[in-house]
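Colleague: A predicted structure for the sequence below; I have some questions about it.
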Amino acid sequence: MIDVIVAGPRGKMGTAALEMIAEEENLNLVGCIDRKNDQSRVKDIEGLPAFDALIYEDAEQCLRETKADVLIDLTTPEFGYKHTKASLNHGVRPVVGTTGFTEEQLQEITELCEENKLGAVIAPNFATGAVLMMQFAKWAAKHFPDVEIIEKHHDQKLDAPSGTAVKTAQLIKEERKSKRQGHPDEKETLQGARGADMDGMKIHSMRLPGLVAHQEVVFGGEGQTLTIKHDSMNRASFMSGVKLSCEKVMEINTLVYGLEHLLE
């Protein structure tokens, strides 16, 4: 049995994680971290599953009193970073779906994992299909060096571009020679029209109500295009990856960045 804390239980992703835990025999909720409802029971909060576990506004208190094995954090970059460091300092292994970590923060977390001999998983995307999309895009980049990424998310997402888009571009960069795409004299008549630039690749972000998480990687070649696309229709699509990460993080003693490293 793996004892779990969930940070952000009232968020859509956090609620989906609670619902997943309620269905899994090998996961046990021992506490939640939230900015409201201190010392309330999860079951007393409207819309949440009927768990007896307590809610804590103080993350340090929660980590100290619950004796958890794993912290699932699906909050924001700011709190995700703080919770990840705090959990490692308390001997709890973090599984984090929050994107927006800097290279310096990832290095710091790696060092904390190794100092404490604890595993951690940070995944830009927990959907298995999204991970496969990224791997297919990396493979395609060997043959199609001209590529643009279009990511679409709900209008409450705080970071742009998404962590999945950045991770995709990083994977493509491993296979693709750096180049500037488009006409050499291209000029934006409206700043930002061509999107963000990463090693010559363009990344476009869309934010609209009604969307969940969607991405297209579009490759162009002589007389042809190739589009690799993934759509998450609801947040349940991420939960198989969260469950897998909770299990695998118990077996590792370092930071794993990206769900692809846990898939067989």
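Modeller: Sure, I can see it.
Colleague: Could you use CA atoms for every contact and neighbour count after this?
Modeller: Will do.
Colleague: Any idea what His214 is bridged to?
Modeller: Note on His214: beta-bridge partners by DSSP bridges are Lys152, Asp231.
Colleague: Offset the numbering so it begins at 16, please.
Modeller: Happy to do that; since the first residue is 16 now, the last one works out to His229.
Colleague: Quick check, pLDDT for it.
Modeller: As predicted, His229 sits at a pLDDT of 97.
Colleague: Wait, it touches Ser177, no?
Modeller: No: His229 is beyond contact range of Ser177, at 10.1 Å (criterion: CA atoms under 8 Å).
Colleague: Which neighbours do the two have in common?
Modeller: Shared contacts of His229 and Ser177, defined by CA atoms under 8 Å, 6 or more residues apart in numbering, comprise Glu166.
Colleague: Next one: the nearest residue to Asn140 once chain neighbours are set aside from His168, what distance?
Modeller: In this structure, Asn140 finds its nearest non-sequential neighbour in Thr179, 6.0 Å apart by CA to CA, 6 or more residues apart in numbering. To His168, Thr179 is 11 Å away according to CA to CA, to the nearest Å.
Colleague: Let me see the mean pLDDT of stretch 193-203.
Modeller: pLDDT averaged over stretch 193-203 gives 90.
Colleague: which residues sit against it?
Modeller: 161, 209, 214-216.
Colleague: Turn those into TSV, including distance to Ala68, secondary structure and pLDDT.
Modeller: Shown next, in TSV, are those (distance: CA to CA, whole Å; DSSP: H, G, I helix; E, B strand; the rest coil; pLDDT from 0 to 100):
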residue	distance to Ala68	secondary structure	pLDDT
Asp161	51	strand	97
Arg209	48	coil	95
Asp214	47	coil	94
Gly215	49	coil	93
Met216	46	strand	95
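Colleague: any idea how far Gln230 is from the residue nearest to Asn140?
Modeller: Applying CA to CA, the value for Thr179 to Gln230 is 8 Å.
Colleague: Comparing those two, which shows the higher neighbour count?
Modeller: Under the neighbour definition other CA atoms under 10 Å, Thr179 and Gln230 were set side by side, and Gln230 has more, 25 against 22.
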